[in-house]
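[1] predicted model and sequence below, questions to follow.
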Amino acid sequence: RLACYPPEGNRFELGGFARLKQWLDNASVGFTPEARALNLSPQKCVLFVGVQGCGKSLASKFIERQWQMPLLKLDAGRLYDKYVGESEKNFRKATALAEAMAPVVLWIDEIEKAFAQGGSNDADGGLSQRLFATFLTWLQEKREEVFVVGAANDLSRLPPELLRKGRFDEIFFVDLPTVEERKSIFVIHLTLRKQDPKNFNLDTLTNATEGFSGAEIEQVVIATLYRCLHRKEPISTQSLIDSAKSTVQ
């Protein structure tokens, strides 16, 4: 139910997200002796909400690298069990393991699927409601340094109790990247695949990918490299644009 991503070898770069990066820099002081001397506790949790493919999962891995903590991913779907009480027990086992590994980042992807509101409470015998109550209690009372990162695609499906002021230290809305962010994303993915960004017209590329998510820009770079390797020709600005035009959004 928990997958572990050690910080060693984490090469993930994050294009854009300037506000998040600043927040992480400020929040990192919460782990210092100076903060403890002032009775300041480290930040406990953050929530990413927004468009698919725009970096919510990547941001979770970026936090791991910035703070040099192991990252645990909780597969909420595997918590559910057909026997009464077992789902809550599975969740307590997962959180106990996370606390034993503290300090650690605990990433819950698509959190709205685990604790979605709507429908009849009797549809699952009240299981999702009980599991949600268990999560809220743990989130409020945990003492170990387990930093929780929730990621959701659909804010409307989250219970309002989860979004009340103070439940999460900060909520970030993740939208489609801006012009400058798209340029940064191109630089990241070209560099990652041993291409010099100076050999490309980044302004032309960012204009050609208006409305693209970060994940779609990454696939443009990958698809272009495959095509150029197959044709035994160098990658160019035009070949990237051709791939972008053929991308189905």
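    Received it, and whenever you're ready, just let me know what you need.

[2] low pLDDT regions in this structure?
    1-2, 5-12, 77-85, 116-127, 248-249 (pLDDT under 70).

[3] buried stuff in the longest helix along it?
    The residue-count maximum for a helix in the chain (DSSP state H) belongs to helix 214-231. For helix 214-231, the neighbour count (16 or more other CB atoms under 10 Å) marks Gly214, Ala215, Glu216, Ile217, Glu218, Gln219, Val220, Val221, Ala223, Thr224, Leu225, Cys228 as buried. Backbone N, C-alpha and C define where each C-beta goes, glycine included.

[4] all strands of the protein, in order?
    Shown for the chain, the strands assigned by DSSP state E span residues 2-5, 45-50, 71-74, 104-108, 146-152, 170-174.

[5] what would the ones you listed look like in TSV with mean neighbour count and distance to Phe91?
    Listed next are the strands of the chain as TSV, based on neighbours: other CB atoms under 10 Å; distance: least, CB to CB, whole Å:
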stretch	mean neighbour count	distance to Phe91
strand 2-5	14	11
strand 45-50	21	16
strand 71-74	22	9
strand 104-108	25	11
strand 146-152	25	13
strand 170-174	17	22
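
[6] kindly reformat those strands as TSV containing distance to Ile188.
    Formatted as TSV, the strands of the chain follow (distance: least, CB to CB, whole Å):
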stretch	distance to Ile188
strand 2-5	19
strand 45-50	19
strand 71-74	19
strand 104-108	21
strand 146-152	20
strand 170-174	16
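
[7] tell me the buried residues in stretch 129-144?
    Quick answer for stretch 129-144 (16+ other CB under 10 Å): Arg130, Leu131, Phe132, Thr134, Phe135, Trp138, Leu139, Lys142.

[8] using PDB, write out every CA atom in it.
    Taking Å, rounded to 0.1, in the frame of the first residue of the first chain, the C-alpha atoms of stretch 129-144 are listed here in PDB:
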ATOM      1  CA  GLN A 129     -17.000   8.200   5.600                       C
ATOM      2  CA  ARG A 130     -15.300   6.200   8.400                       C
ATOM      3  CA  LEU A 131     -12.000   6.100   6.600                       C
ATOM      4  CA  PHE A 132     -12.200   9.800   6.000                       C
ATOM      5  CA  ALA A 133     -12.800  10.400   9.700                       C
ATOM      6  CA  THR A 134      -9.800   8.200  10.500                       C
ATOM      7  CA  PHE A 135      -7.700  10.200   8.200                       C
ATOM      8  CA  LEU A 136      -8.800  13.600   9.600                       C
ATOM      9  CA  THR A 137      -8.100  12.400  13.200                       C
ATOM     10  CA  TRP A 138      -4.600  11.200  12.300                       C
ATOM     11  CA  LEU A 139      -3.900  14.400  10.300                       C
ATOM     12  CA  GLN A 140      -4.700  16.500  13.300                       C
ATOM     13  CA  GLU A 141      -3.100  14.400  16.000                       C
ATOM     14  CA  LYS A 142       0.000  13.000  14.400                       C
ATOM     15  CA  ARG A 143       3.200  13.900  16.300                       C
ATOM     16  CA  GLU A 144       5.900  12.500  14.000                       C
END
